[in-house]
Each structure stands twice: as structure tokens, then as C-alpha cells.
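**Q** The sequence and its predicted three-dimensional model are supplied below.
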Amino acid sequence: KNQLFLDGTVTFDASSAYGDSHSRMVVLPSVRGAWAMKNSSFLRDVDGIETLTLRAEYGRSANSRYSSELGRYYYQSVAYRDLAGIIRVGLPNSKLGPEYVLSANAGLDLSLLGNRLNLNVDFYQEDTRDMLLGKTMPSAYGEEVMYDNSGEMRTRGVEVGLNFMPLKVGGFQWMLGGNIAHYQTKVLDLGNQRERFLTSADGLTLRLKEGCSPYEFYGYEAEHIFVSQRDADAAGYIAQSGTAFQAGDIKFKDMNGDHIIDDKDRKALGSATPDFYGGFFSNMNYKGFNLYVNFSYSYGNEIYNAVRKTGESMSTFTNQFATVSNRWTYDGQGTNMPRAVFGDPMENNRFSSRWIEDGSYLKLKEITLSYEYSRKLWFFNRIKVYVSGENLYTWTKYIGLDPEFAYSYDPMMSGVDMGKMPLARTGKIGVVLNF
């Protein structure tokens with residue numbers, strides 16, 4: 001009795017963004033079930049186990065949040081001399097449909113010792129199919145790119161949460177808890193290409209490659225500075241333009257050993273995906289007093305510091321960071337900052353590991369001290385006063401403003417720091433009055 005649970009749903013989703021040859025409506029089923037093992041005959045009378053539940057879920061969802069211009073022609077205004085008109089533009093794919101996400105999850109919920117120890121474990125897999133990808137078209141079509149549903153990607157992960165009450169004496173309670181999560185995403189299919197590159201205006205290059213993580217940073221590995229002309233001559237490196245590297249230039253790793261630093265010497269420089277991440281907290285209660293402390297962390301993720309690239313390029317007359325005062329200026333000088341040359345002819349500021357930093361951090365997210373008086377006082381049923389601080393301190397090697405940021409909802413921009421306003425350090429004092 002009360003052991004097995006099963007339910008399912010079917011959702012019909014319609015969108016006008018699909019191509020004319022694709023059905024306007026798609027069917028999205030899902031099913032989930034659970035086994036409350038604690039209610040089974042062999043565990044029902046076991047002391048110390050309060051909850052033991054196995055659960056599983058499977059479902060399909062669809063993403064149609066893209067422009068309807070990808071699936072049909074559209075018109076735009078064009079000025080010709082003193083006249084204005086409209087022209088038909090675009091290269092639509094009439095068979096364009098949604099991106100499907102097939103999600104599977106299996107988990108365990110366990111409570112022991114009178115709910116003083118609670119464990120949650122989740123394993124999940126998400127398969128993204130029919131991913132939208134731009135396909136380069138011949139010039140005869142009049143447009144460079146047409147989109148189709150040709151990509152596939154898979155994410156697998158695990159998350160573990162644990163809460164434990166080590167002390168419960170008299171009116172004092174102390175609860176400790178936290179979670180740790182890990183996931184890995186791989187590109188399975190890119191249509192008719194094995195790898196693709198996305199390059200921004202400042203040189204940032206991201207790589208999509210089958211069998212690898214999506215949106216990997218892709219560039220040159222900067223080893224050190226040629227501190228003397230003798231070092232530069234001994235290396236014998238030349239740029240793609242044919243110019244030899246000089247003292248004060250950066251020595252980039254020659255991946256193929258031909259002494260020419262060009263696109264063939266680029267490599268994967270990491271990604272914004274952390275090895276693991278999560279948080280932990282401490283919550284103490286004693287006779288109406290409460291002290292809550294919460295931390296968050298991330299480990300193993302890389303960040304492209306685009307702000308530092310702008311402030312240390314030394315290629316124009318714009319203001320630069322104070323760190324460029326340590327730039328190379330004389331033969332034999334030991335430094336990690338290259339020479340300053342207008343226009344950067346040797347491309348010392350090209351996208352490289354010089355701008356990639358470790359984004360790992362441990363952040364004190366919140367401390368709150370409060371007192372609650374729960375008896376009736378005058379016409380108040382409850383009075384609570386508190387003092388709280390948020391984003392108080394961050395332990396990190398990242399030299400940007402804040403390693404915890406989200407520049408855009410686009411996953412392509414994860415780990416790209418363009419100088420977004422960091423999370424503010426705040427303090428609050430408050431009173432809660434319940435009538």
C-alpha cells in the first residue's frame with residue numbers, strides 16, 4: 001500500500017516559427033514514477049529509516065524560441081536614391097522544426113535518524129536533437145546561410161545533496177547541509193561538418209567539435225615573453241605575415257613544429273563548464289535566535305577576461321590598465337607583459353591562453369542573524385528583526401570583477417566576461433511584523 005506511484009502527461013505545443021512544410025503542432029509526452037520503499041513489507045518496521053524512495057522520470061520538450069524568419073521569406077525596407085521600397089530576403093528552410101530535448105532522470109531520497117540525516121541523489125541525461133545549425137550556402141543562392149535541424153548534443157550529470165543535524169540539545173539546533181553537482185556535455189553531431197568555429201569582433205574564438213564540449217575556447221597557447229633578442233633568434237619563429245618575432249614578443253607554442261605561428265597552432269584552451277559546483281550552509285537556532293550562513297562555489301571552469309584584453313592590448317592610444325607599466329622595454333628584462341607597439345603587428349594580443357583565467361571561486365553568499373518573538377505582543381502576532389549581508393567575500397584567483405556572472409542567456413557567452421556589473425555587496429537591517 002502506498003508504494004508505487006505513476007503518472008504521465010501529454011502536451012501539445014504549437015508555434016508559428018516552424019517552416020511551412022512542418023506541422024504547426026508537436027506532441028510532447030512525459031512519464032514519471034516512484035517506489036516508496038519505506039512502505040514495503042521488508043522496511044516498514046525498520047527503525048531509523050524514515051524515508052527511502054526511488055524515482056524516475058522521462059519526457060520530451062521542444063524549443064521553438066527562434067525567429068520565424070528562418071523558416072520563411074520576409075521583407076525589409078531598402079532605400080534606393082530618393083525612393084524607398086521593400087525587397088524579399090532570406091533563405092528559408094520550409095522543413096524547419098523545433099529542437100527536441102529528451103530528458104531522463106533517476107534519483108533516490110533517503111531520510112534517517114528521525115529526519116536528522118537527509119540525502120538526495122540525482123542522475124540525469126539530456127539529449128538535444130534536431131539542433132538548429134547554420135549551413136553555408138553557395139553564392140548562387142544570394143544568401144550565405146540557411147538553418148536546418150542537423151545538430152545533436154548530450155548532457156550527463158549527477159547531483160548529490162546532504163543535510164545533517166549534528167546537534168539538537170534543549171533549545172539549540174544546528175543544521176549543516178550542501179550539494180555538489182557535476183555534468184558533462186558533448187557534441188554528437190554537427191550535420192555535414194565535424195567542427196565549427198564562432199569568432200567575435202575582438203578575436204574570441206569558440207569551437208564546436210563532435211566528441212568535445214560545446215563552445216570550447218580555441219586559440220594559441222602563450223608560453224612566455226622573448227626576454228632577449230638572442231632568445232627570439234634561437235627560436236626562429238615567424239608570423240603568418242613572414243615577419244620574425246623579436247625580443248619583447250610573446251612566444252606562442254608551435255603545435256606542428258614548422259616555426260610558423262598561424263591558425264594551425266591553435267588548440268582547445270578549456271571551457272566555461274566547471275568540473276563541479278554547488279553550495280553549503282550552516283543554520284543555528286536557539287530560543288528565537290537564528291544564524292544562517294550560506295556559501296556557493298565552482299571549480300574547474302575557465303573565463304575569457306575580455307576586459308583585461310582591452311585594457312592590456314597596448315595597440316592604440318586608448319587608456320590602459322596600470323599593469324602595462326610592467327611591459328617589456330629593454331633587452332633581458334624579465335616580465336610577463338609584451339612590448340608596446342602601435343597596431344600590434346606581431347599580434348601579441350591575439351586570442352590566446354594569455355586571456356584565459358581560472359574561474360574557480362568560493363563565495364560567502366549570505367550571513368543573516370535574526371531574532372523572532374513568536375508570542376502575541378500588543379496587536380502583533382509575531383515580530384522578527386534581522387541583519388543580513390549578501391555577496392560579502394569571494395576567494396578566487398580570477399582578477400576580474402567577479403567570477404560569478406552571466407553576461408547573456410546564450411550558452412555561447414558562458415564564461416565570457418565583457419565587464420558586466422558584478423553582484424553587489426549588500427547589507428540589510430529589517431523588521432517583520434505579523435498582525
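**A** That came through fine.
**Q** Quick one: neighbours of the closest residue to residue 92 other than its chain neighbours, just the number.
**A** Using Cβ to Cβ, 6 or more residues apart in numbering and skipping the chain neighbours, the partner closest in space to residue 92 is residue 72 (4.7 Å). No exception for glycine: its C-beta is placed from N, CA and C like everyone else's. Neighbour count for residue 72, taken as other Cβ atoms under 10 Å: 16.
**Q** how near is residue 72 to residue 422?
**A** Separation of residue 72 from residue 422 (Cβ to Cβ, to the nearest Å): 42 Å.
**Q** what about residue 407, how many residues close to it?
**A** Here the count is done by other Cβ under 10 Å, and residue 407 has 14 residues near it.
**Q** And for the one 5 residues further on?
**A** Residue 412 sits with 15 neighbouring residues when counted by other Cβ under 10 Å.
**Q** measure it to residue 363 for me?
**A** For residue 412, the distance to residue 363 - Cβ to Cβ - is 24 Å.
**Q** where exactly do the helices run in the stretch 51-200 of the chain?
**A** In chain order, the stretch 51-200 of the chain shows no helices, with DSSP state H, counting those that start in this stretch as the criterion.
**Q** buried ones in the strand of greatest length in the chain?
**A** Identified as the longest strand of the chain according to DSSP state E is strand 145-169. Buried residues in strand 145-169, counted by 16 or more other Cβ atoms under 10 Å: 146-155, 159-163, 165.
**Q** now swap in stretch 33-44 and tell me
**A** Buried residues in stretch 33-44 (16+ other Cβ under 10 Å): 34, 35, 36, 37, 38.
**Q** and that stretch, what's its mean pLDDT?
**A** Per-residue pLDDT values across stretch 33-44 average out to 87.
**Q** Distance-wise, check residue 260 relative to residue 222.
**A** In this structure, residue 260 and residue 222 are 17 Å apart, going by Cβ to Cβ.
**Q** Between the two, which is the more surrounded one?
**A** Looking at residue 260 and residue 222 with other Cβ under 10 Å, you find the greater number of neighbours at residue 222, namely 20 against 15.
**Q** Show me the beta-bridge partners of the more buried one.
**A** Beta-bridge pairing of residue 222, defined through DSSP bridges, involves residue 252.
**Q** try residue 106
**A** Beta-bridge pairing of residue 106 under DSSP bridges involves residue 56, residue 123.
**Q** So what's the residue count around it?
**A** 14.
**Q** which residues sit in contact with it?
**A** Residues near residue 106 by Cβ atoms under 8 Å, 6 or more residues apart in numbering: 54, 55, 56, 57, 122, 123, 124.
**Q** What residues does the third one make contact with?
**A** Read it as residue 56. Residues counted as contacts of residue 56 (Cβ under 8 Å, 6+ apart) are 32, 33, 34, 104, 105, 106, 107.
**Q** mind redoing it with 7 Å?
**A** Residue 56 makes contact with 32, 33, 105, 106, according to Cβ atoms under 7 Å, 6 or more residues apart in numbering.
**Q** Equivalent analysis for the last one, please.
**A** The contact partners of residue 124, taken as Cβ under 7 Å, 6+ apart, are 103, 104, 105, 157.
**Q** do the first one as well
**A** Contact partners of residue 54, counting by Cβ under 7 Å, 6+ apart, are 34, 35, 37, 108.
**Q** From residue 122, how far out is it?
**A** Using Cβ to Cβ, which is the criterion applied here, residue 54 is 12 Å from residue 122.
**Q** now the fourth one
**A** As for residue 57, its distance to residue 122 is 10 Å (criterion: Cβ to Cβ).
**Q** now the helices for the stretch 251-400 of the chain?
**A** Secondary structure of the stretch 251-400 of the chain by DSSP H, counting those that start in this stretch: the helices cover 306-311.
**Q** Show me the shaky parts of it.
**A** In the prediction, the stretch 251-400 of the chain carries no residues with pLDDT under 70.
**Q** for it, what spans make up the strands?
**A** For the stretch 251-400 of the chain, applying DSSP state E, counting those that start in this stretch gives strands covering 260-261, 267-268, 276-286, 289-299, 302-305, 356-358, 361-373, 382-396.
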